[in-house]
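Undergrad: pasting the sequence and the predicted coordinates here, then a few questions.
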Amino acid sequence: MPSDKQEPPGDIIPGVTMPDTLPDDIAPLRALVLTAWAERDAERAQNGRLIEERDQLAGQNERLRQLLRHLPRLQFGRRLEKLDPDQLNLALEDLE
């Protein structure tokens with residue numbers, strides 16, 4: 001799990017770690033900005049993938065909770081209401 005602690009900025013351009021060490025030439029500054037944008041875009045894409053995975057897992061957890069809520073009634077209810085073990089296995093397979 002990623003930590004919330006921010007890492008100190010590293011050298012995007014060798015030797016550039018603080019604003020006062022930024023190069024005066026436009027080409028290295030442009031490279032610095034492009035690199036920062038690429039890193040930002042990669043982090044945004046990763047964040048989007050993690051949100052999708054979280055949402056998928058939340059849906060799966062909710063389906064499992066529903067199944068668990070119904071299980072005691074199905075297991076201990078009247079004979080006609082009892083869950084066939086094959087039905088339970090099919091429900092669990094659908095969740096995988």
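TA: Looks like it arrived, so ask away. In this text the structure is predicted, and so the values were computed from the model without any measurement.
Undergrad: what helix or strand is residue 37 on?
TA: Residue 37 belongs to helix 26-76 when assigned by DSSP states H and E.
Undergrad: now do the next helix or strand along the chain from that helix and helix 26-76, the angle between them.
TA: Following helix 26-76 in sequence order, the next helix or strand is helix 85-95 (DSSP H and E). Taking axes from the mean of the first three to the mean of the last three Cα atoms, to 10 degrees, one finds helix 85-95 and helix 26-76 inclined to each other by 170 degrees.
Undergrad: could I get the buried residue list for helix 85-95?
TA: Going by neighbour count (16 or more other Cβ atoms under 10 Å), the buried part of helix 85-95 is residue 91. Quick note: C-beta positions are derived from backbone N, CA and C, even for glycine.
Undergrad: how about stretch 46-57: buried residues?
TA: Result for stretch 46-57 [16+ other Cβ under 10 Å]: no buried residues.
Undergrad: CA atoms of it as CSV?
TA: Taking Å, rounded to 0.1, in the frame of the first residue of the first chain, the C-alpha atoms of stretch 46-57 are listed here in CSV:
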residue,chain,number,x,y,z
GLN,A,46,-2.3,4.5,-12.0
ASN,A,47,-4.8,6.3,-9.8
GLY,A,48,-7.6,5.6,-12.3
ARG,A,49,-6.7,1.9,-12.4
LEU,A,50,-6.7,1.7,-8.6
ILE,A,51,-10.1,3.4,-8.4
GLU,A,52,-11.5,0.9,-10.9
GLU,A,53,-10.1,-2.0,-8.9
ARG,A,54,-11.4,-0.6,-5.7
ASP,A,55,-14.9,-0.2,-7.1
GLN,A,56,-14.8,-3.8,-8.5
LEU,A,57,-13.7,-5.2,-5.2
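Undergrad: low-confidence stretches in the chain?
TA: 1-17, 78-83, 96 (pLDDT under 70).
Undergrad: what about 90?
TA: 1-25, 28-29, 32, 67-96 (pLDDT under 90).
Undergrad: what's the residue closest to the geometric middle of it?
TA: Most central in the chain under Cα atoms, centre = their mean is residue 50, positioned 2.0 Å from the mean C-alpha point.
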